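Asks: Next come a sequence and a model predicted from it.
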Amino acid sequence: MTLETPLLSISGVSKAYGDVVALDNVSLDIRQNEFFALLGPSGCGKTTLLRSIAGFEDPDAGTITILGSESTTPINLLSLPPNKRPVNLMFQSYALFPHMNVRKNIMYGLQREGLSKEEIAQRVDEVLITTGLTDKAAVRPAQLSGGQRQRVALARAIVKRPRLLLLDEPLSALDRKVRAEMQIELKRLQHEVGITFVVVTHDQEEAMSMADRIAVMHEGRVQQIADPVTLYAQPANVFVADFIGSGSLLHGVANQGSFSAYGSTFPCHNPDQIAGDAVLVLRPEEVRITAAAPTDNPLMVGSIIETHFYGGSSSTTVRVAGVDHPIVASHPGAPQYIVGDQVGLSWNPQSAVLLQVQP
Amino acid sequence: MHKIGWLRVPLVATYAFLYIPIAVLVVMSFNASKNPFNWAGFSTKWYSALFDNELIRQGFINTMIVAVGATILATILGTLLAIGVARYFRSAVVEAYSLAPAIIPDLVLAIGLLAFFALIGVTLSLFSVLLAHVVFGMAFVSAVVIARIGQTDSSLEEASRDLGASATTTFFRITLPSLAPGIIAGALLVFTLSLDEFVVAYFTDGPSTPTLPIVIYSMVRFGVTPEINALAALLLLVSFTIVISAQRITRLTDAV
Ligand SMILES: Nc1ncnc2c1ncn2[C@@H]1O[C@H](COP(=O)(O)OP(=O)(O)OP(=O)(O)O)[C@@H](O)[C@H]1O
Ligand SMILES: [Mg+2]
């Protein structure tokens, strides 16, 4: 645990549009040089939060501060107009200037800083190389492909060398292949240029694979802030458990150190911390499929309704009588049973997290 | 095929009705004879006569003063109006009001402006015609520019602010250039409209400074002379040139 001051500090920020609460008391810290992802379903307030940081929304309450480049005392961001904030926002629509070619688009931000012609030219050339756009420098945005446009938008933002770069769904418009390339490129840029990134996405795989830490948002509130592994293994609440990764949720009741659902009692990791309505989170890779023979002592018994083979691994879906949704198990290798087989299910209690259902 | 052949008749008839008089007019402007039923050979003498006619020359100068002045003012004001309406009043009613002068009948506009000038005690002159043309010209410019704003990405201005530009720099370097095709098209439209505008000018002009359409009107009351044909042919040339260049400019800047 470092005691380093965070680069950006958001505290108690709220914003409502009429009756719609877009941000509800959001607090979070972004550390220097981290790759931070904001993850959540559509309409949860991700864009509103980024726009508040960049200066295009005025929060109703709360503060946002950033560390200055020289001083160690944080600056109040909210008192600065967008053009004076040491952050840059890459727009979801890219917002490239249609009447300027690629080079002019990238130069625009540097010219506003009043740098010398030589320095501007040198920095633009550098960033053109970094983003692989050198041979497109004289082309207007309308003549570029989606992936190239996105790289121009990125180049235009990073050439400013902001302390903090905000990216609003930077990859959403791209097809799978380009998207994977850009993910790698973004990570490379982060290490090469040493910029702190905040990336909005509603693609959880993207967030999990790229981010150092993730904030999961829902209905304007931050649900949990953690690194991807913690988020997956120890979700803070039912929403996070459901939103992150796949898995089955068993609804039941926790009482005096045991969890019961659908008429049976199941072992789990933390039954005594929870009382009342609860949900047991079963990740597919933690669920073991065994023969239905009573000697194996399965926790549940059901019949297989679906199997999928993905090459290196496979998944098996089992319907258990009395349980409202099927349970999925994944395991390496080919499926060992076929549809219709009766099998037993079991899991290691240490890996099954029990979560309180909020009343 | 038979059916389509029949359908062509009204089409051809319409075009004939539209363009034969224009063609006749252009041809007659080169006729050496004063008699329209008698072709006496090719001549440009009516064009020379035109330039020697003091009344027409003065009318042309007056018209140019009005058209250029009204175009400049209407373009500036109409563009600002469009940006203001698009940015601050996302309401169809306000938008409709800003377009009204382009839609209400010329006669109504003319009478209204005349009454207004009388009320505030403005002496009728070229200046009052110019102001009157600004009124409807502004409406046309703002209509074209509002349509253009609807097609541009609204985050361009935010991106400019984000990259460190002040509000003023953003306006001149991003907002105006991205609306330029609309602004230019609007300006050329106002210029062509003002050039041959009669009704409003007739009502709001002073007696000593007639614009070209008013001069022509007073001349044709005594019959259409070949001189008038020549003048009309020239006006046609100017209008065509402007409309075609407007289209080309819009297409060129749109292609970027
Ligand atoms: N200008 C606005 N006026 C009114 N309501 C707005 C405005 N901007 C956002 N909202 C509302 O605020 C909420 C949060 O919007 P926001 O754009 O931040 O969501 P988001 O998480 O970015 O969603 P998405 O993933 O779809 O982009 C939504 O319910 C949205 O309808
Ligand atoms: Mg969004």
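Replies: Cool, got the structure. Ligands and ions are numbered 1, 2, ... in the order given.
Asks: where does chain A dip in pLDDT?
Replies: A:1-3, A:71, A:173, A:271, A:292-296, A:359 (pLDDT under 70).
Asks: Quick one: name the residues of it near chain B.
Replies: A:54-56, A:81-84, A:88-89, A:91, A:93, A:95-99, A:108-109, A:112-113, A:140, A:142, A:156, A:160 (Cβ under 8 Å from any Cβ of the partner chain). Any C-beta I mention is one placed from the backbone N, CA and C, and that applies to glycine too.
Asks: Get me the contact residues on chain A for ligand 1.
Replies: When proximity is defined by Cβ under 6 Å from any ligand atom, chain A lies next to ligand 1 at A:17, A:20, A:22, A:40, A:42-48, A:202.
Asks: What is the nearest of those to chain B?
Replies: Each of the residues of chain A next to ligand 1 was scored against chain B by Cβ to the nearest Cβ, and residue A:47 proved nearest at 11.1 Å.
Asks: List the contacts of the helix or strand encompassing that closest one.
Replies: Residue A:47 belongs to helix A:46-54 when assigned by DSSP states H and E. The contact list for helix A:46-54 (Cβ atoms under 8 Å, 6 or more residues apart in numbering or on different chains) reads A:8, A:10, A:13, A:15, A:22-23, A:26, A:38-40, A:57-59, A:64, A:77, A:82, A:85, A:87-89, A:92, A:164, A:166, A:168, A:198, A:200, A:202, A:217, B:162.
Asks: Helices along the stretch 151-256 of chain B, start to end?
Replies: Using DSSP state H, counting those that start in this stretch, the helices of the stretch 151-256 of chain B run over B:155-162, B:167-170, B:176-195, B:199-204, B:212-220, B:226-254.
Asks: Neighbours of the closest residue to residue A:267 other than its chain neighbours, how many?
Replies: Ranked by Cβ to Cβ, 6 or more residues apart in numbering or on different chains and with sequence neighbours excluded, the top spatial neighbour of residue A:267 is residue A:349, at 3.7 Å. Neighbour count of residue A:349, defined by other Cβ atoms under 10 Å in any protein chain shown: 15.
Asks: Could you export the residues of chain A next to ligand 1 to a markdown table, including columns for distance to residue B:37 and neighbour count?
Replies: Converted to a markdown table, these look like this (distance: Cβ to Cβ, whole Å; neighbours: other Cβ atoms under 10 Å in any protein chain shown):
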| residue | distance to residue B:37 | neighbour count |
| --- | --- | --- |
| A:17 | 75 | 10 |
| A:20 | 77 | 12 |
| A:22 | 79 | 23 |
| A:40 | 84 | 27 |
| A:42 | 77 | 7 |
| A:43 | 77 | 14 |
| A:44 | 82 | 22 |
| A:45 | 81 | 25 |
| A:46 | 80 | 26 |
| A:47 | 75 | 20 |
| A:48 | 78 | 23 |
| A:202 | 79 | 18 |
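Asks: Adding distance to residue A:31 as columns, could you present these in a markdown table?
Replies: Formatted as a markdown table, those follow (distance: Cβ to Cβ, whole Å):
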| residue | distance to residue A:31 |
| --- | --- |
| A:17 | 30 |
| A:20 | 31 |
| A:22 | 25 |
| A:40 | 20 |
| A:42 | 27 |
| A:43 | 28 |
| A:44 | 23 |
| A:45 | 22 |
| A:46 | 19 |
| A:47 | 22 |
| A:48 | 22 |
| A:202 | 23 |
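Asks: Please look at residue A:42 and residue A:201 and confirm they touch.
Replies: No - using Cβ atoms under 8 Å, residue A:42 is not in contact with residue A:201, being 11.4 Å away.
Asks: Check whether residue B:232 really touches residue B:27, as I assumed.
Replies: No - counting by Cβ under 8 Å, residue B:27 is not a contact partner of residue B:232; they are 12.0 Å apart.
Asks: These two: which is more packed in?
Replies: Shown here are residue B:232 and residue B:27; by other Cβ under 10 Å, residue B:232 has more neighbours (18 against 14).
Asks: Briefly note if stretch B:154-167 comes near ligand 1.
Replies: No - Stretch B:154-167 lies out of reach of ligand 1 by Cβ under 6 Å from any ligand atom, never closer than 11.2 Å.
Asks: hmm, who's touching that stretch?
Replies: A:54-56, A:81-84, A:88-89, A:91, A:93, A:95-98, A:108-109, A:112-113, A:156, A:160, B:169-170, B:173-175, B:178.
Asks: Equivalent analysis for stretch B:211-223, please.
Replies: So stretch B:211-223 is contacted by B:55-56, B:58-60, B:62-63, B:66, B:126, B:129, B:195-198, B:201-202, B:205, B:210, B:225, B:227-228, B:231-232, B:235 (Cβ under 8 Å, 6+ apart).
Asks: Show the buried residues in those.
Replies: Those of the contacts of stretch B:211-223 that meet the buried threshold are B:56, B:58-60, B:62-63, B:66, B:126, B:129, B:195-197, B:201-202, B:205, B:210, B:225, B:227-228, B:231-232, B:235, by 16 or more other Cβ atoms under 10 Å in any protein chain shown.
Asks: returning to that earlier point: can you tell me which of the residues of chain A next to chain B are in helices?
Replies: Among the residues of chain A next to chain B, DSSP state H puts A:54, A:108-109, A:112, A:156 in helices.
Asks: quick check, nearest of those residues to residue A:291?
Replies: Nearest to residue A:291 out of those is residue A:54 (Cβ to Cβ; 58.2 Å).
Asks: Okay, and the beta partners of the closest residue in space to the closest one that isn't next to it in sequence?
Replies: For residue A:54, ignoring the flanking residues on the chain, the nearest one in space by Cβ to Cβ, 6+ apart is residue A:89 at 4.0 Å. Counting by DSSP bridges, residue A:89 forms beta bridges with residue A:166.
Asks: so residue A:89 touches residue A:166, yeah?
Replies: Yes - using Cβ under 8 Å, residue A:89 is in contact with residue A:166, at 4.5 Å.
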